[in-house]
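Engineer: the amino acid sequence is not available; the structure is as follows:
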Ligand SMILES: NC(=O)N[C@@H](CC(=O)O)C(=O)O
Ligand SMILES: [Zn+2]
Ligand SMILES: [Zn+2]
């Protein structure tokens, strides 16, 4: 007998209503005809999608837990419809040694309310080889923090690791950013304007960094993935070279004029772009994926002026509704939602039995009401972040339930953990 049957549900891209039977946390059976079980849940004609997967979050744990921690970040993920997140290594200490990685795994196992993977930082070849045993999602390189010489060594080392693991990059060119920042932070007319941040970390610095990343990866044969791709030219380079990349919601929806409205609240790396340079919702296709770059800071850190404020925007609890609203505005095909939020991240990062609604896959789902309207309210969010540029924005379309391994962990923004 099945543990649970979900009934009266719709599947994206399919007509009619379905039943999904769940047994031991797996999808045991799917059918159009009724399946009986002691425990039935009526989905009332809403859509059931594979649980969302975010390849790019910063939960600040360990070392920076006043901004977020693995408990609050994973609660925000569950509230946003995510069943799997991948956390970044820029913690304190950095997650770039075997011990730090192992300690973080143990900590996160005890605190996280959703499934997770960890990206590793980079370090000596020997250290990274040991970290491989702990199944890192990738090795992350912040290009803006490394000299060209160091980058060659890092790319070479990572390409020589067993199995050629994914090399994930933050692509901004250090020399261009440095030069522009020195000039602009001295410019009497521009230095106090938040929009100057987008001139300093220019579209050119991303495009140059992406082309440098591509030539390095060709030389060493790296298995490349590009974070928070924000420029159309950068996207064209990635596509031409068959390199995977992520979009954030803020780069898709906002241009740098939002600096005038929100100031340093929307300061993030890479920055919001001129509309002529930016990627758009219309650039989302069946190969795309969303990486929110959920990067909370304290309110005090966000309000330290153009050059000293901390860069980063929290996004886990708003991203799905923002893009469902685009679906309702006919700017985005609903059929792409499971691809960009679950199928493509699961495939790219080799997550076994995840990302799809198929028999024998994990029973990880998000239930979506395409018509649910509301207004984002940061006070109702589970993240520790006390700011969001989306706060007060209306949306149409939302997650109403998050299910992990057949267990309901969120219903109507209530968490059952
Ligand atoms: N994106 C950001 O602006 N900030 C990220 C770092 C990063 O992803 O580069 C953070 O960790 O705060
Ligand atoms: Zn980054
Ligand atoms: Zn990031």
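Structural biologist: Good, I have the coordinates. In this text the structure is predicted, and so the values were computed from the model without any measurement. Ligands and ions are numbered 1, 2, ... in the order given.

Engineer: test my guess that residue 9 contacts residue 18.
Structural biologist: Yes: at 5.4 Å, residue 9 and residue 18 qualify as touching, with contact defined as C-beta atoms under 8 Å. The C-beta positions use only the backbone N, C-alpha and C, and glycine is treated the same way.

Engineer: can you list the neighbours in contact with stretch 334-353?
Structural biologist: For stretch 334-353, contacts defined as C-beta atoms under 8 Å, 6 or more residues apart in numbering pick out 12-13, 26, 49-55, 84, 86, 117, 137-138, 166, 225, 244, 247, 284-291, 320, 323-324, 327, 354-356, 360-362, 368, 370.

Engineer: joint contacts of residue 9 and residue 18?
Structural biologist: Contacts common to residue 9 and residue 18, judged by C-beta under 8 Å, 6+ apart, are residue 48.

Engineer: let's see which of the contacts of stretch 334-353 end up in helices.
Structural biologist: 320, 323-324, 327 (DSSP state H).

Engineer: pull out the buried positions in stretch 342-356.
Structural biologist: 342-346, 348-349, 351, 354-355 (16 or more other C-beta atoms under 10 Å).

Engineer: mean confidence for that stretch?
Structural biologist: Summarised as a single mean, pLDDT over stretch 342-356 is 98.

Engineer: distance between the ends of that stretch?
Structural biologist: When the termini of stretch 342-356 are compared using C-alpha to C-alpha, to the nearest Å, they are 7 Å apart.

Engineer: now it, how far from the chain's geometric center?
Structural biologist: The chain centre lies 14 Å from the centre of stretch 342-356; the measure is C-alpha atoms, centre = their mean, to the nearest Å.

Engineer: from residue 139, how far out is the residue of the stretch 51-200 of the chain found nearest ligand 1?
Structural biologist: The stretch 51-200 of the chain approaches ligand 1 most closely through residue 58 (4.1 Å), counting by C-beta to the nearest ligand atom. Using C-beta to C-beta, to the nearest Å, we find residue 58 at a distance of 16 Å from residue 139.

Engineer: which one's more surrounded, these two?
Structural biologist: Neighbours around residue 58 and residue 139, counted as other C-beta atoms under 10 Å, are more numerous at residue 139. The numbers are 26 against 22.

Engineer: what residues does this structure put near ligand 1?
Structural biologist: Remark: the part of the chain in contact with ligand 1 comprises 58, 90, 170, 268-269, 293, 295, 311-312, using C-beta under 6 Å from any ligand atom.

Engineer: run through the neighbouring helices and strands of the helix or strand in which residue 41 is found.
Structural biologist: In this assignment (DSSP states H and E), residue 41 forms part of strand 40-42. In terms of contacts (3 or more C-beta pairs under 8 Å, 6 or more residues apart in numbering; DSSP states H and E), strand 40-42 is packed against strand 4-9.

Engineer: so what angle separates the directions of the helix or strand that comes right after the strand it packs on and strand 4-9?
Structural biologist: Note on strand 4-9: by DSSP H and E, the next helix or strand toward the C-terminus is strand 18-23. Here strand 18-23 runs at an angle of 170 degrees relative to strand 4-9 (axes from the mean of the first three to the mean of the last three C-alpha atoms, to 10 degrees).

Engineer: residue boundaries of the helices in the stretch 251-400 of the chain?
Structural biologist: Remark: helices assigned in the stretch 251-400 of the chain by DSSP state H, counting those that start in this stretch are 258-262, 299-302, 305-308, 319-328, 337-338, 344-348.

Engineer: show the pLDDT at residue 268.
Structural biologist: 98.

Engineer: show me what contacts it?
Structural biologist: With C-beta under 8 Å, 6+ apart, residue 268 has these contacts: 248, 250, 293, 295, 311-313.

Engineer: what's the farthest-apart pair in these?
Structural biologist: For these, the farthest-apart pair by C-beta to C-beta is 248 and 311; their separation is 12.2 Å.

Engineer: between those two, who's got more neighbours?
Structural biologist: Each of residue 248 and residue 311 has its neighbours counted (other C-beta under 10 Å); residue 248 has more, 25 against 18.

Engineer: just the element for the closest residue to residue 382 other than its chain neighbours, please.
Structural biologist: Among residues not flanking residue 382 along the chain, residue 75 sits closest, at 3.9 Å (C-beta to C-beta, 6 or more residues apart in numbering). Per DSSP H and E: residue 75 is located in helix 70-79.

Engineer: so what does residue 234 have for phi and psi?
Structural biologist: Backbone torsions of residue 234, given as degrees, to the nearest 10, read phi -60, psi -40.

Engineer: next, the contact list for it, please.
Structural biologist: 171, 203, 206-207, 210, 226, 245.

Engineer: what about it, distance to ligand 1?
Structural biologist: Using C-beta to the nearest ligand atom, to the nearest Å, we find residue 234 at a distance of 15 Å from ligand 1.

Engineer: how about that residue, nearest residue that isn't a chain neighbour?
Structural biologist: Closest to residue 234 by C-beta to C-beta, 6+ apart is residue 210, at 4.6 Å.

Engineer: hmm, who's touching the one helix or strand the one you found maps to?
Structural biologist: Element membership of residue 210, judged by DSSP H and E, is helix 203-220. Contact partners of helix 203-220, identified using C-beta under 8 Å, 6+ apart, comprise 143-144, 148, 151-152, 155-156, 158-159, 167, 169, 171-173, 176-177, 180, 222-224, 226, 229-231, 233-234, 237-238, 241, 243, 270, 273-274, 277.
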